[in-house]
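Undergrad: no sequence for this one, just the structure:
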């Protein structure tokens, strides 16, 4: 490898999203500026494989590791690169692409490759929930259930997510949680509680319009108990970035939050849904922990 060049490793998740990823590696091979970069393209074969590949790249002091996939792939790659000099880039290839959109990289793979070519970096915050890493958003309630059901579906994409969200919203029963934040406790029924670094899930579905990935704080959006008609009547606020203005929502910036559930439920971490046993979830900031190309 030419010492004057940077070395990039593209990690492609061929199973992400809802369309063929065959064109993206071809575009990478064609468009990477070979006078500036040497590179390789590798494909993941199973869940967690991207983390293994990225961890090895970090040990080898690779200049940049590029996640090619959705939010789940971003999570796997980022978890291996925290507190290192290896920079992370994103070429969006998933369904939601929430962090990519928040960082201004967008949803277009061609635009994303231009961002990577510039190799401008900044350090962003990441987080943990009960020691599980995340980089964009995590939470409990209906969003966790919808994410879990969507993961079980053979179909992906916005229409699948929206259909699932509407179906579950009609029959969902709000659960009781205790929230410890800023030295006070809030207990009651909630539709959802999301703890965000980025501003959105994806598809411009915005949870925290003013979220800042570098301020050392989490944005906790709590959707309180309300009539179903109120939820549906205020749904437009998510796309307008104004859900925190709703009378049944509250938004708090904090460096630490604890959420206690009294019943088994569902949670989501960077777009992936999981069953969640009753008990305490502790969210913590890892300030200035990930070097991003953005």
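TA: Thanks, I have the structure now. Just so we're clear, the structure is a prediction, and the values are computed from it rather than from any experiment.
Undergrad: mind listing the strands for the stretch 51-200 of the chain?
TA: Secondary structure of the stretch 51-200 of the chain (DSSP state E, counting those that start in this stretch): strands at 64-69, 87-92, 121-129, 132-134, 137-141, 175-181, 184-196.
Undergrad: For residue 212, find the nearest of those.
TA: Taking CB to CB, strand 121-129 is the member of those nearest to residue 212, at 8.5 Å. All C-beta spots, glycine's among them, are computed from the backbone N, C-alpha and C.
Undergrad: what pairs with the closest one, and is each one parallel or antiparallel?
TA: Here strand 121-129 is paired, per DSSP bridges, with strand 132-134 (antiparallel), strand 279-293 (antiparallel).
Undergrad: Only the buried residues of that strand, if you could.
TA: 124, 125, 126, 127, 128, 129 (16 or more other CB atoms under 10 Å).
Undergrad: Between the residues you listed, which sits nearest residue 28?
TA: Nearest to residue 28 among the buried residues of strand 121-129 is residue 124, at 23.6 Å by CB to CB.
Undergrad: how near is the closest residue to that closest one other than its chain neighbours to residue 131?
TA: What sits nearest to residue 124 in space, not counting adjacent residues and going by CB to CB, 6 or more residues apart in numbering, is residue 213, at 4.1 Å. For residue 213, the distance to residue 131 equals 20 Å [CB to CB, to the nearest Å].
Undergrad: do residue 24 as well
TA: 33 Å.
Undergrad: quick one, which of those two is more surrounded?
TA: Between residue 24 and residue 131, counting by other CB atoms under 10 Å, residue 24 is the more crowded of the two (23 against 7).
Undergrad: hmm, back to that, for residue 107, find the nearest of the strands paired with strand 121-129.
TA: Nearest of those to residue 107, taken as CB to CB: strand 279-293 at 16.4 Å.
Undergrad: what is the mean pLDDT for that closest one?
TA: The average of the pLDDT scores along strand 279-293 is 97.
Undergrad: Going by neighbour count, which residues of it are buried?
TA: Buried residues in strand 279-293, counted by 16+ other CB under 10 Å: 281, 283, 285, 286, 289, 290, 291, 292, 293.
Undergrad: Give me the spatial nearest neighbour of the last one, chain neighbours excluded.
TA: Distances taken as CB to CB, 6+ apart place residue 89 nearest to residue 293, at 3.9 Å, with adjacent residues excluded.
Undergrad: got it, and the third one?
TA: Taking CB to CB, 6+ apart, and ignoring the residues beside it in sequence, residue 285 has residue 255 as its nearest neighbour in space, at 5.0 Å.
Undergrad: show me the contacts for the one you found.
TA: Taking CB atoms under 8 Å, 6 or more residues apart in numbering, we find residue 255 in contact with 216, 217, 218, 284, 285.
Undergrad: Now flag whichever of these is closest to residue 138.
TA: Distances from residue 138 to these, taken by CB to CB, are shortest for residue 218, at 9.4 Å.
Undergrad: Please identify the buried residues of the helix or strand bottoming out on mean pLDDT in the chain?
TA: None of the helices or strands of the chain scores lower by mean pLDDT, DSSP states H and E than helix 158-171, at a mean of 78. Judged by neighbour count (16+ other CB under 10 Å), helix 158-171 contains these buried residues: 160, 161, 164, 165, 168, 169.
Undergrad: can you name the two of these that are farthest apart?
TA: 160 and 169 (14.9 Å).
Undergrad: In this structure, what residue spans correspond to helices?
TA: Using DSSP state H, the helices of the chain run over residues 23-31, 49-59, 71-81, 98-102, 109-118, 142-152, 158-171, 228-233, 236-240.
Undergrad: could I get these as CSV with distance to residue 179?
TA: CSV is the format used below for those (distance: least, CB to CB, whole Å):
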stretch, distance to residue 179
helix 23-31, 40
helix 49-59, 30
helix 71-81, 24
helix 98-102, 23
helix 109-118, 36
helix 142-152, 15
helix 158-171, 21
helix 228-233, 19
helix 236-240, 21
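Undergrad: Just give me the lowest mean pLDDT stretch among the ones you listed.
TA: helix 158-171 (a mean of 78).
Undergrad: quick one: that one to chain centroid distance?
TA: In terms of CA atoms, centre = their mean, to the nearest Å, the gap separating the centre of helix 158-171 from the centre of its chain is 19 Å.
Undergrad: next one: stretch 276-284
TA: Remark: stretch 276-284 is offset 18 Å from the chain centroid, using CA atoms, centre = their mean.
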